[in-house]
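Asker: predicted model and sequence follow; I will ask about them next.
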Amino acid sequence: MPETEIKNQACKENPKFCPMAEASKIVGDIWTLLIIRDLLEGDKRFNKLLESLNGISSSTLTQRLKLLESEGILTRFSFPEIPPHVEYSLTQKGKDLHFVIEAIRNYGQKYNPQKDLT
């Protein structure tokens, strides 16, 4: 049996330990992917992320940022200033997702060329 079939069978038998299922828990929604996309450009403050993600609510953004921080995808740095200044940046684990972002972008452009899905 080829290695891919063995891995797929293992995932079917125990989806709890399937790498694909685990990864999709982290990056499986549009907002999370778009947050990562924006942070691949560099560190961002909360309000800059909120502005760039047209349609996201501040509570959803907060929730996704907390999830990504807990998963080690990004870090949150608070500057000791008044008013508070917080910036988010990707860890190496988060930066490694650029392959995923590019693959999804390329797929979207291939099958929906009328729209720029950046």
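Answerer: Structure's in. What do you need? Just so it is clear, the model here is predicted, and its values are computed rather than measured.
Asker: burial of Phe77, as a residue count?
Answerer: 11 (other Cβ atoms under 10 Å). For the C-beta atoms, the positions are set from N, CA and C on the backbone; glycine is no exception.
Asker: so where does it fall, helix or strand?
Answerer: strand 74-79 (DSSP states H and E).
Asker: which neighbours in the sheet does that strand have, and how are they oriented?
Answerer: If you go by DSSP bridges, strand 74-79 pairs up with strand 85-90 (antiparallel).
Asker: buried residues in the partner strand?
Answerer: Across strand 85-90, burial judged by 16 or more other Cβ atoms under 10 Å covers 87-88, 90.
Asker: and that strand, average pLDDT?
Answerer: Strand 85-90 shows a mean pLDDT of 95.
Asker: only C-alpha atoms, please: export it in CSV.
Answerer: Taking C-alpha atoms only, strand 85-90 is exported to CSV below (Å, rounded to 0.1, in the frame of the first residue of the first chain):
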residue,chain,number,x,y,z
HIS,A,85,-0.5,49.9,21.8
VAL,A,86,-0.7,46.3,20.8
GLU,A,87,0.9,44.7,17.7
TYR,A,88,0.5,41.2,16.3
SER,A,89,3.1,39.4,14.4
LEU,A,90,3.5,35.9,13.0
